[in-house]
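Asks: predicted model, plus sequence, below.
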Amino acid sequence: GLHATKKVFIDGEAGTTGLQVRDRLAKRSDLEIISPPSELRKDEETRKKFINEADVVILCLPDAASIEAASWVEPENDRTVLIDASTAFRVDDNWTYGFPELSEEQRNVLSKSKRIANPGCYPTGFIGLTRPLVDAGIIPVGTPLTVNAISGYSGGGKGLMQIFEEEEHEPWSAYGFALSHKHIPEMSLYSGLGKNPIFQPQIADFDQGMVVSVPLHYDWLKPGTTGEQIHNVLSSHYKDSIFVDVMPLGENAIKEEGLLDRGAFLRPDTLKDTNRMQMFVFPNDEAGQALLCARLDNLGKGASGAAVQNMNIALGFDETTGFDI
């Protein structure tokens, strides 16, 4: 290519997201992954040196460790792009939210940004479904929504994966009962709703995948709204998107496409190991209700895939580089 090989440092490469990012980048010739010897992986001086030497640093760390690592970029270093996979900076004004599909403007800002906060997996689905409808005036600002979601157990990191893969465990779990899950602030902010949804996350006995569901009563929406209008707004917003697909409208059309298992069931793991997201609109106009669903890989478009997509944009590469489209 025209540019010198870009150096990428994955800080936290032994964690779930870090391993996935590394796998996604390993085959690429336009990048060099720089990596300290394993005994120095947690050494502060070594990490500082690697952070400032890299063109891109992908932070795959807990929040507190991300905040510390981000502070190690030298004041005169205006070159290194930081992409943070934690929740630490997602609603921070000095960081750009890494959901390029939010708007054309968002993709532009990301292409110039040196500080990118990678979105949470659940918020990617929720914001992806709601933001275009808020922008179009269909969902009024301030509407108190609910989001129900189910994820594969890999979302809980190595500890939870070990429990589900090697130990006695429950078939399904709901959690987040304090109604203060760490994904809620970004949901409220980037949906444009300005209102915390009630968020009901769940995990079940499969490793990767996710369905995020948002129920809507037409009573809450712009008067006269129909399922078809909702579908049109989403279809038009994502029509040029590479990674996000709006599926046909309604249950019958989805059945005809063979997208429901046994003609009835929407399974969560179909997009495993991809950076794709599919959106579904299931309306019942007579009842004045619709259900919006987003399906994605919690570790793909929900984590490592998005990090690589954002890195491509920030480095000026083709957004699809390294992805099987």
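Replies: Thanks, I have the structure now. Numbering: from 1, shown residues only.

Asks: pLDDT score assigned to the residue of the chain most remote from its centre?
Replies: Relative to the C-alpha centroid of the chain, counting by Cα atoms, centre = their mean, Glu286 is the outermost residue, at 33.3 Å. With respect to pLDDT, Glu286 scores 98.

Asks: go on, Met277?
Replies: On pLDDT, Met277 comes in at 98.

Asks: please apply the same query to the one 4 residues further on.
Replies: With respect to pLDDT, Val281 has a value of 98.

Asks: helix or strand: which one has it?
Replies: Here Val281, judged by DSSP states H and E, is contained in strand 277-284.

Asks: same deal with Ile116?
Replies: Using DSSP H and E, Ile116 sits within strand 115-117.

Asks: now the element after the strand holding Val281, going C-ward?
Replies: With elements assigned by DSSP H and E, the helix or strand that comes after strand 277-284 is strand 289-296.

Asks: pairing partners for that following strand, with directions?
Replies: strand 210-217 (antiparallel), strand 277-284 (antiparallel) (DSSP bridges).

Asks: show me where the stretch 151-300 of the chain has its helices.
Replies: Ranges of helices in the stretch 151-300 of the chain, per DSSP state H, counting those that start in this stretch, are 157-166, 184-190, 227-237, 250-256.

Asks: rewinding a little: what angle do the strand holding Val281 and helix 227-237 make?
Replies: 160 degrees (axes from the mean of the first three to the mean of the last three Cα atoms, to 10 degrees).

Asks: related to what we said a few turns ago, so for Ala264, which of the helices of the stretch 151-300 of the chain sits nearest?
Replies: Closest approach to Ala264 among the helices of the stretch 151-300 of the chain is made by helix 250-256 (8.1 Å; Cβ to Cβ). Every C-beta, even on glycine, is put in place using the N, C-alpha and C of the backbone.

Asks: other SSEs contacting the closest one?
Replies: In terms of contacts (3 or more Cβ pairs under 8 Å, 6 or more residues apart in numbering; DSSP states H and E), helix 250-256 is packed against strand 277-284.

Asks: got the contact list for the strand it packs on?
Replies: Residues from elsewhere that reach strand 277-284 (Cβ atoms under 8 Å, 6 or more residues apart in numbering): 124-125, 128-129, 226-228, 230-231, 234, 238, 243-247, 249-251, 254, 266, 270-271, 289-296, 301.

Asks: the helices of the stretch 151-300 of the chain: which one's closest to Glu319?
Replies: helix 227-237 (16.9 Å).

Asks: what packs against that closest one?
Replies: Partner elements for helix 227-237 (3+ Cβ pairs under 8 Å, 6+ apart): helix 121-135, strand 244-246, strand 277-284, strand 289-296.

Asks: out of those, which is the most enclosed?
Replies: Of the helices and strands packed on helix 227-237, the one with the most neighbours on average (mean count of other Cβ atoms under 10 Å) is helix 121-135, at a mean of 26.

Asks: ok, the nearest residue to His183 once chain neighbours are set aside to Gly192 distance?
Replies: Leaving aside its chain neighbours, His183 sits nearest to Gly120 (4.2 Å; criterion: Cβ to Cβ, 6 or more residues apart in numbering). Gly120 sits 17 Å away from Gly192, going by Cβ to Cβ, to the nearest Å.

Asks: roughly how far apart are the one residue sitting closest to the centre of the chain and Glu32?
Replies: Residue closest to the average C-alpha location in the chain (Cα atoms, centre = their mean): Gly302, at 3.1 Å. Distance of Gly302 to Glu32, computed by Cβ to Cβ: 26 Å.

Asks: ok, Arg41 - how many residues close by?
Replies: Burial of Arg41 is recorded as 15 neighbouring residues (other Cβ atoms under 10 Å).

Asks: my read is the residue nearest to the centre of the chain is in a strand, agree?
Replies: No. In this structure, Gly302 is helix, not part of a strand, as judged by DSSP: H, G, I helix; E, B strand; the rest coil.

Asks: ok, now how distant is it from Gly137?
Replies: With Cβ to Cβ as the criterion, Gly302 and Gly137 are 28 Å apart.

Asks: ok, Phe126 next?
Replies: For Phe126 relative to Gly137 (Cβ to Cβ), the value is 19 Å.

Asks: for Ser103, same thing?
Replies: According to Cβ to Cβ, Ser103 and Gly137 sit 15 Å apart.

Asks: residues in contact with Thr274?
Replies: With Cβ under 8 Å, 6+ apart, Thr274 has these contacts: 297, 300-301, 305, 323-324.

Asks: of those, just the buried ones, PyMOL syntax please.
Replies: Burial among the contacts of Thr274 is assessed by 16 or more other Cβ atoms under 10 Å; the matching PyMOL selection reads:
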select buried, resi 297+300+301+305+323
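
Asks: tell me the one of the contacts of Thr274 nearest Ile116?
Replies: Looking across the contacts of Thr274 and measuring by Cβ to Cβ, the closest to Ile116 is Gly305, at 14.0 Å.
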